[in-house]
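>>> Coordinates for the following, if possible.
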Amino acid sequence: MIVFPAVDLKAGQVVRLAEGDMARATVYADDPAAQAERFAAAGADWLHVVDLDGAFAGESVNGEAVRAIGVTFPGKIQLGGGIRSRASLERWFRLGIDRAVIGTAALTNPDLVKDAARDFPGQIVVAVDARDGMVATQGWADVSDVPVIDLARRFQDAGVAALLFTDVGRDGLLKGANVEATAALAAAQSLPVIASGGVAGLEDIRALKACAGIEGVIAGRAIYDGRLDLAEAIAAAR
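Numbering: from 1, shown residues only. Model (predicted):
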């Protein structure tokens, strides 16, 4: 299982939000590239980078910071936030991003996802962000009437690399991962699932590792607050 340390970008800084609320941001670093280097030193092979401003704007806002991370981080980068067009996807792949996460557009423009999954095999991840079991979009500001499992099943034969499942109500709150809901999603369809939201410590890593169909886990605030040692988490996940 892959442990993805999270680098969430807001106005060029590394932050963590509580429940996706931009007004509840904690700044952890002013230099995203240096933070990425620290994660590499701890053994991270992957980063999960999110352009938070881009998620709300619908287009890249923190592009310079993302490019700087790409220069300094020797591993692979999974990027999300505001990727809602073919042109945006192609630009990021040309710049060396390894995987693109598509959330809002998966609901509003599913053909974009299906075409991209065909043309960029292994590089498209669909975000299924949940509030009370329903899909949240537009940087989690809106909640749709589509159940998470329904959205997930729309793409299980499209060739996407994985589903990224976030329990929005737990994200950034250190409440513990929603292992039960993540495992249920993995069992209900055929795509591998990446867990996100609420990871508080090694117990969450071990619990997710024990579940079938879970490819990875994203950890943010727990690492930044010192509750989760990244090297230990990577060892436990392996």
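>>> R118 versus the residue sitting furthest away from the middle of the chain, what's the distance?
Distance from the C-alpha centroid of the chain, by C-alpha atoms, centre = their mean, peaks at D145 (21.9 Å). In this view, D145 and R118 are 28 Å apart by C-beta to C-beta, to the nearest Å. Glycine gets a C-beta too; all of them are placed from N, C-alpha and C.
>>> how about low-confidence regions in the chain?
137-142, 170-173 (pLDDT under 70).
>>> Now do the same contact list for V71.
A33 (C-beta atoms under 8 Å, 6 or more residues apart in numbering).
>>> Which residue ranges of the protein form helices?
Here the chain has its helices, by DSSP state H, at 32-41, 52-57, 63-72, 86-94, 104-108, 110-119, 148-154, 179-188, 202-209, 221-224, 230-237.
>>> Just the buried residues of the last one, please?
Under the neighbour-count criterion of 16 or more other C-beta atoms under 10 Å, helix 230-237 has L230, A233, I234, A236, A237 buried.
>>> Give me the spatial nearest neighbour of the fourth one, chain neighbours excluded.
Leaving aside its chain neighbours, A236 sits nearest to I205 (4.8 Å; criterion: C-beta to C-beta, 6 or more residues apart in numbering).
>>> Kindly report the same for the last one.
On the basis of C-beta to C-beta, 6+ apart, the spatially nearest residue to A237 that is not a chain neighbour turns out to be M1, at 4.2 Å.
>>> was I right about the one you found contacting G213?
No: the pair M1 / G213 is not scored as a contact, 10.6 Å apart, by C-beta atoms under 8 Å.
>>> okay, the two: which has more neighbours?
Neighbour count, other C-beta atoms under 10 Å: between M1 and G213, M1 has more, with 20 against 16.
>>> what's near enough to touch the more buried one?
Per C-beta under 8 Å, 6+ apart, neighbours of M1: I205, L208, K209, I214, E215, G216, V217, A237, R238.
>>> what do you get if the cut-off is 6 Å, keeping everything else the same?
Going by C-beta atoms under 6 Å, 6 or more residues apart in numbering, M1 touches K209, G216, A237.
>>> C211 versus the residue nearest to A236, what's the distance?
On the measure of C-beta to C-beta, I205 and C211 end up 11 Å apart.
>>> same question, A29
On the measure of C-beta to C-beta, A29 and C211 end up 31 Å apart.
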